[in-house]
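J.: just a sequence and a predicted model for now, questions to come.
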Amino acid sequence: MNIPIARSDIHIHLSEEHISILFGDSHKLHNIKDLTIPGQFVCSERVIVTGPEGSIEDVVVVGPARRETQVEISITNGLSLGITPPVRMSGNLENTPGCILIGPLGSVSLKKGVIASKRHIHMHTNQAREWNLSDGQSVCVKVPGSRALIFDEVIMRVGEDQAQEMHVDFDEGHAAGITDFQSVEIIP
């Protein structure tokens, strides 16, 4: 069961309210590149993420707007910012640290929303059914190569709106010597 893998760098999903504060009233995000997951895209908009010990500039915004603002960082990003992000699945933001976001027209002080994304696999329902995999299931994934390793506790995200791809952050990707979109093997 082979699938492509991609590394995910620091990025932000913004709520409509925060888009307006950072970029102006009624601002609409500008799609410059579609992502593999249907409906998601890289935006031309960028922000500065600030923590107690530092800032990271030119951070990518991923669209479309979400119900809640979420900042996804690596553990290494957290060291630069002075933030210890919990490892969570996207959307699980309770009891997470906050940060300050700075855009061209304003800033937002988040009380929560900073996470290190838990490694996961997106997969369409039909493919998951064929491979006998289910949403929320934990699997192992074998990465081949000169720095071969096995990722444990990779969570399946199965749905009609998903496309087949595994996501890890840059820290995990560098540790395994991953090249974006190389093939890895699911081990249920």
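T.: Cool, got the structure.
J.: residue 52: how many residues sit nearby?
T.: Residue 52 sits with 10 neighbouring residues when counted by other CB atoms under 10 Å. C-beta: built from backbone N, CA, C; applies to glycine.
J.: and the one 5 residues further on, by the same measure?
T.: Residue 57 sits with 10 neighbouring residues when counted by other CB under 10 Å.
J.: what about it, which helix or strand?
T.: strand 54-63 (DSSP states H and E).
J.: what do you get for residue 156?
T.: Taking DSSP H and E as the definition, one finds residue 156 inside strand 149-159.
J.: domain parsing for this structure?
T.: Residue ranges for the structural domains of the chain, counted by automatic domain parsing, are given in the record as 10-117, 120-187.
J.: now do the end-to-end distance for the first one.
T.: Pointing back at domain 10-117 there. Distance across domain 10-117, first residue to last, is 10 Å (CA to CA, to the nearest Å).
J.: all numbers from here: first residue = 421
T.: Yep, numbering from 421; the last one is domain 430-537 now.
J.: and that domain, how far from the chain's centre?
T.: Using CA atoms, centre = their mean, to the nearest Å, the distance from the centre of domain 430-537 to the centre of the chain it belongs to is 10 Å.
J.: in its sheet, what does the strand holding residue 576 sit against?
T.: Here the strand partners of strand 569-579, with direction, are listed using DSSP bridges: strand 540-544 (parallel), strand 558-563 (antiparallel).
J.: ok, back up a step: hmm, who's touching the strand holding residue 477?
T.: For strand 474-483, contacts defined as CB atoms under 8 Å, 6 or more residues apart in numbering pick out 429-434, 449, 451, 455, 460-463, 465-469, 497, 500-502, 522.
J.: export that strand to PDB, keeping only CA atoms.
T.: Output of strand 474-483 as PDB, limited to C-alpha atoms (Å, rounded to 0.1, in the frame of the first residue of the first chain):
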ATOM      1  CA  GLY A 474      11.100  35.600  18.500                       C
ATOM      2  CA  SER A 475       9.200  36.000  15.300                       C
ATOM      3  CA  ILE A 476       9.000  34.100  12.000                       C
ATOM      4  CA  GLU A 477       8.300  36.300   8.900                       C
ATOM      5  CA  ASP A 478       6.700  35.500   5.600                       C
ATOM      6  CA  VAL A 479       4.500  32.700   7.000                       C
ATOM      7  CA  VAL A 480       2.100  31.200   4.300                       C
ATOM      8  CA  VAL A 481      -1.600  31.500   4.700                       C
ATOM      9  CA  VAL A 482      -3.500  28.400   3.500                       C
ATOM     10  CA  GLY A 483      -7.100  28.900   2.300                       C
END
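J.: and the residue lying closest to residue 491 once chain neighbours are set aside, what is it in contact with?
T.: If you skip the residues right next to it in sequence, residue 491 has residue 534 as its closest partner in space, 4.6 Å away by CB to CB, 6 or more residues apart in numbering. Remark: with contacts taken as CB under 8 Å, 6+ apart, residue 534 is in contact with 491, 493, 498, 503, 505, 516-519.
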